[in-house]
Structures are given as C-alpha cells and as structure tokens.
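Novice: here you go, sequence then predicted model.
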Amino acid sequence: MGKNNKKNGAAAVRTKKVDPLILGTLVFAVVVLAALITLCVYRNSDAYLESQPAITIGDNQVTATEYAYYYNNSVNSFLSSNSSYLSYMGLDLQKPLSSQTCALDQSKTWAQYFESMVDETITQAEILYAEGKKAGFAPEDLQSRVDEAMEELKHHAEEHGNSFEEDMKEHYGRKYSEEEIRAIVEKGEYTTLYREKVLEESSATEEEQNAYYEENKDNYWRVTYRTESFPFSTTGEENTDTKEVAKQKADEMLATVTDEASFIAQAKSKYTEEELAAKAEDFTLRADPLRSSLTDAVKNWMSDAARQPGDKTVIESTSSYDVVYYVTTWLDDYKTADIRLIYLPVETESDATDEEKQAARDSVSAKANELFGQWNTGEKTEENFIALAKANSKDRNAETGSLYEDVNKSSFATDLTDWIFAAERAAGDSQMIQTSSASYIVYYVAQGEEYWKQSVEAAVKQNNYDSWYEAMKNNYPVTKNSDILGKAIA
C-alpha cells in the first residue's frame, strides 16, 4: 500500500513531455509577434517615414517628413494670418480638424481643406523645380538666399533658448536636422526664383493688356464721395425707424443738399454734440476706395458715364437708405519707382528689457548715421551706393545692391513711401529714414511707369503664368499614399 502511494506520488510530479510540433508552433508565433511589433514600431518611425513617398508628382517623390514640414508650415501660416477670424470661421483648435466642416469649402472638413491646400503647394513646387532643372536654371544668388534663411531660423531658435532641432519640433512636430531643413529651404528658394523668372518672361501683349483693363476697370479707378445712412428695421426693432420712415428722412436730406458743405452740415445735424464727439472728424467722407470695393448699387451709380461732381442720390441697402454725394473719380496713375536701400533692422532678444531695446535702437541709429555720413562725403553715384548696400544692408536683396523695382505706395511703410513719392523726388536723391524697428538709407534710382499700367501688365503675366502652369500639370500625374500621409500629419 505504501509503495503504491509513493509510486503514484512520483508519477504526479513527473514532467509531461511537450509535443515538438506544438513547441515549434509556439516559437514561430512568438517570433512572428516580435517581428510584427518591430515592424509596427518601424512603420511609425522617422526612418520609415523618411524612406517612403507620401506623394509622387511625376517622377518626383516627396517623403513624409518633407510633406509634414510643408503641411505644418502652411497650416501655421494660415492660422497666424487669420488668427482674428478663426472664431468667425467656426474653427475650434481644441477639436480635431477632421471633425469640423470648413467654412471656406463646405464640401470638406478643415483637415481635408488644409491637405488639399498643401497638396497644391507641393505640386507647384515640384513642377517648378523639375521644369527649372530641365531648363538648366541656375540662379547665382541661390546659396546666399538659403544661407540667409537658415541664419534666420537659427537666430529664432537662439532667441527662444532652443536648439535648432528643438525649435523645429516646436513648430513642425519633428526634430528636423539642419541638413534636412536646408534641403527643403533650398528647393523652396529655387522654385521661388524660377517662378519669378517664368513670370517675368511671360508675354503680355498690348492687346492682352487692353482687353484685361476693359474687363477690370473697377480695380484701377478710385472714387471720393460722401455718404450718410438712415437705418431701418423690417422686424419692428426698438429705436429703429421703419423702412418707410427711413426713406422719407433720406429723401428730405437729399432735397436740402446743394453742395458738399451743405451735405456735411445736414449729416451733422442728425447727431447730438456728444454723438459727434464720438465720430471721426470727417465721418461722411470716403476718400479713395477702389470702385471694385463698393456695393453693386453704389458702384453702378458711380460708374455711370454721365456721372458729374455734385451728383447726389439715395441708394437702398439691406438695412438702410444711404444718401450719396459724388465728389470725383480718378485713375491710380501715379508713377512707380525704382529704388535701392540699405536696411538696418533693430534686433533684440524676445525677453530684452526696455533698456536693452533702446540700446539696440541707438546702436542701429549710430550705424545708419555713420554710413549716411560716409555716403555724403564721397562721390554719390549709384555704383558707390550699390557697394555700400552690398556691404551693409540686411535685406534679402543685398546681393543685387538692394534694388527694388516698380515700388508702389503699398510696398513699404508710410515713412518710406512718403519720401519716395514726394512730388519733388528726382533720380540720385538719397535720404536716411529711422523708425523704431529699423533704419534705412534710400537711394532713388528712377521713376517707373504708371501704377495702373504696371498692375495691368503684372495681372496679365500672372494669368499667362497660370495657363502655363496648368498645361505643365498635365505632365505630372499625382499619386498619394494615404497611409503615409496619415502618419505624416498625425
């Protein structure tokens, strides 16, 4: 009995043999699982994303990391430029972009809108790059432009106490190396220069320009007029006139207006002294809007060939009757200008104290005064100014002697344009202009053609460029890798 129990106990603890076939299957499963985990990690790594095309344009492949840079750069730029209007657009940055309908295109979510915007940006860049290389385009100032752009990026990182890679991650979601960013920036600068070349060489015949002008006159004619509104409500809103009462008041004012002075007097008579004090001094005046910016009703009345200074009318809008008094119309026919300038920006750290900022302004001012004094004591030729600009200007045109052609009244800040477009301005004039953010030394080269003519020519060239680009797109089929794109912008 005891022997039997002992024997049974030994049998109970004896190790059971495992079927070799089952063991092999288990080992294989473990190996496969490990491989799948490794593959999954790899497929989400930078190395995998860098090796796979997110989008193929013709024969050119754009990697996921490059696509991610373009995407984040474009989205950040859009959000920055429209920061004051995002709520009006219904864009909530606290929610996924893929869950919100785009206010600019109801057929897309915001994620789809941004993706299509970036796709077009990249497509145009790749086509311009490929076409430029085919044409043997090799701009001399490419590397200097790339160097300057990289220095700006490095300076931004230093200002914020970041390494270059940390600064890139903060803005673009990934620690791009300087080498990676330089390659992207170089392609961007190259395509920008080639686009400028294609635009400049686009034909714009006189017939094309005349036809374009005739179709778009309202973009070039400006008006001066006076207006006063009589609001109305069709829903019985408290303290607001009915449509009939507002029309009667507008007609009564119109009947009493005999000239510009009487228009101003009648408009002012509507308000108390306190209300007038809260208004602009000349609140009825609309000094120089383009006709294209006016409502259709006002524009059509202003554009009538029979219109004469002193004409007046009442025009109905959606919520008011407006008394309108016509003063004059004119074409934007001032002459553009070609200039050179030495640009000396005031540069400080983001956390600089007021004393440090003032010291930086004083330093730039002293440098500008030194250079202007040097200029005035020498032979004041354009060649000498070019040499001075190349050696000292901090603008991106320094390699060309900081030449700016076809400058118009909106090209620079008011301090500069007031001097450039002064009536007495002549070739060879120069001046130092200082602001809180920079100092400038400006050299007036020559007067250009009339602004409206230059604008028409530029518009025709843009249209011709657009036609050229659309034709080129047919040669560059686009293929997107949805899986890689999803990882790139995640």
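Specialist: Right, received. Where do you want to start? Numbering: from 1, shown residues only.

Novice: can you tell me which residues contact residue 410?
Specialist: By Cβ atoms under 8 Å, 6 or more residues apart in numbering, the contact list for residue 410 reads residue 417. All C-beta spots, glycine's among them, are computed from the backbone N, C-alpha and C.

Novice: doesn't it fall inside a helix?
Specialist: No: read with DSSP: H, G, I helix; E, B strand; the rest coil, residue 410 is coil and lies in no helix.

Novice: can you name the next helix or strand after the host helix or strand of residue 376?
Specialist: Assigned by DSSP states H and E, residue 376 belongs to helix 354-377. Sequence-wise, the next helix or strand downstream of helix 354-377 (DSSP H and E) is helix 382-392.

Novice: helix/strand/coil for the residue nearest to residue 162 when sequence neighbours are not counted?
Specialist: Excluding the flanking residues, the one nearest residue 162 by Cβ to Cβ, 6 or more residues apart in numbering is residue 170, at 6.7 Å. Here residue 170 is helix, with the state taken from three-state DSSP.

Novice: if we can go back for a sec, okay, buried residues for the helix holding residue 376 please.
Specialist: Buried positions in helix 354-377, judged by neighbour count with 16 or more other Cβ atoms under 10 Å: 360, 361, 364, 368, 371, 372, 375.

Novice: so the last one sits against residue 386, correct?
Specialist: Which is residue 375. No: look at residue 375 against residue 386 with Cβ atoms under 8 Å: they stay out of range, at 11.7 Å.

Novice: any stretches of the stretch 1-150 of the chain with poor pLDDT?
Specialist: Counting by pLDDT under 70, the ranges of the stretch 1-150 of the chain that qualify are 1-51.

Novice: please redo it, this time with the cut-off set to 80
Specialist: For the stretch 1-150 of the chain, applying pLDDT under 80 flags the ranges 1-52.

Novice: show me where it has its strands.
Specialist: 53-57, 60-63 (DSSP state E, counting those that start in this stretch).

Novice: between those, which one is closest to residue 166.
Specialist: With Cβ to Cβ as the criterion, residue 166 lies closest to strand 60-63 of the strands of the stretch 1-150 of the chain, at 21.6 Å.

Novice: name the helices or strands packed onto that closest one?
Specialist: helix 46-51, strand 53-57, helix 110-134 (3 or more Cβ pairs under 8 Å, 6 or more residues apart in numbering; DSSP states H and E).

Novice: so for residue 92, which of those sits nearest?
Specialist: Nearest of the helices and strands packed on strand 60-63 to residue 92, taken as Cβ to Cβ: helix 110-134 at 9.3 Å.

Novice: what does the closest one contact?
Specialist: Contacts of helix 110-134 (Cβ under 8 Å, 6+ apart): 55, 57-60, 62, 67, 70-71, 74-75, 78, 91, 96-98, 100-102, 104-105, 108, 187-188, 190-191, 194-195, 197-198, 469, 472-473, 476, 478, 480, 485, 489.

Novice: inside helices: which ones of these?
Specialist: In this view, those that belong to helices under DSSP state H are 67, 70-71, 74-75, 78, 187-188, 190-191, 194-195, 197-198, 469, 472-473, 485.

Novice: residue 365 against residue 440, yeah?
Specialist: No: contact criterion Cβ under 8 Å: residue 365 and residue 440 do not qualify, at 11.4 Å.

Novice: okay, and the common contacts of these two?
Specialist: residue 434.

Novice: that older thread, how about the helices and strands packed on strand 60-63 in CSV, adding distance to residue 412 and mean neighbour count?
Specialist: Below are the helices and strands packed on strand 60-63 laid out as CSV (distance: least, Cβ to Cβ, whole Å; neighbours: other Cβ atoms under 10 Å):
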stretch, distance to residue 412, mean neighbour count
helix 46-51, 42, 14
strand 53-57, 37, 21
helix 110-134, 27, 18
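
Novice: distance of residue 61 from residue 184?
Specialist: 14 Å (Cβ to Cβ, to the nearest Å).

Novice: any chance of the helices and strands packed on strand 60-63 in CSV, plus distance to residue 162?
Specialist: Converted to CSV, the helices and strands packed on strand 60-63 look like this (distance: least, Cβ to Cβ, whole Å):
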stretch, distance to residue 162
helix 46-51, 19
strand 53-57, 26
helix 110-134, 25
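
Novice: buried residues, stretch 135-154. List them.
Specialist: Across stretch 135-154, burial judged by 16+ other Cβ under 10 Å covers 137, 139, 145, 146, 148, 149, 150, 153.

Novice: ok, stretch 474-482 next?
Specialist: For stretch 474-482, by 16+ other Cβ under 10 Å, it's 476, 480, 481.

Novice: touching it from outside, list them.
Specialist: Taking Cβ under 8 Å, 6+ apart as the rule, stretch 474-482 contacts 52-58, 60, 119, 123, 126-127, 130.

Novice: and the two most separated of these?
Specialist: So, the contacts of stretch 474-482 by Cβ to Cβ: farthest apart are 52 and 127, at 21.4 Å.

Novice: pLDDT weak spots in the stretch 201-350 of the chain?
Specialist: The model of the stretch 201-350 of the chain has pLDDT under 80 over residues 236, 349-350.

Novice: all strands of it, in order?
Specialist: Per DSSP E, counting those that start in this stretch, the stretch 201-350 of the chain carries strands over the ranges 221-231, 285-286, 312-316, 320-331, 335-345.

Novice: for these, which one sits closest to residue 209?
Specialist: strand 320-331 (14.5 Å).

Novice: show me what that closest one pairs with in its sheet, parallel or antiparallel.
Specialist: Partners of strand 320-331 in the sheet, by DSSP bridges, are strand 221-231 (antiparallel), strand 312-316 (antiparallel).

Novice: what's the most buried one of these?
Specialist: strand 221-231 (a mean of 19; mean count of other Cβ atoms under 10 Å).
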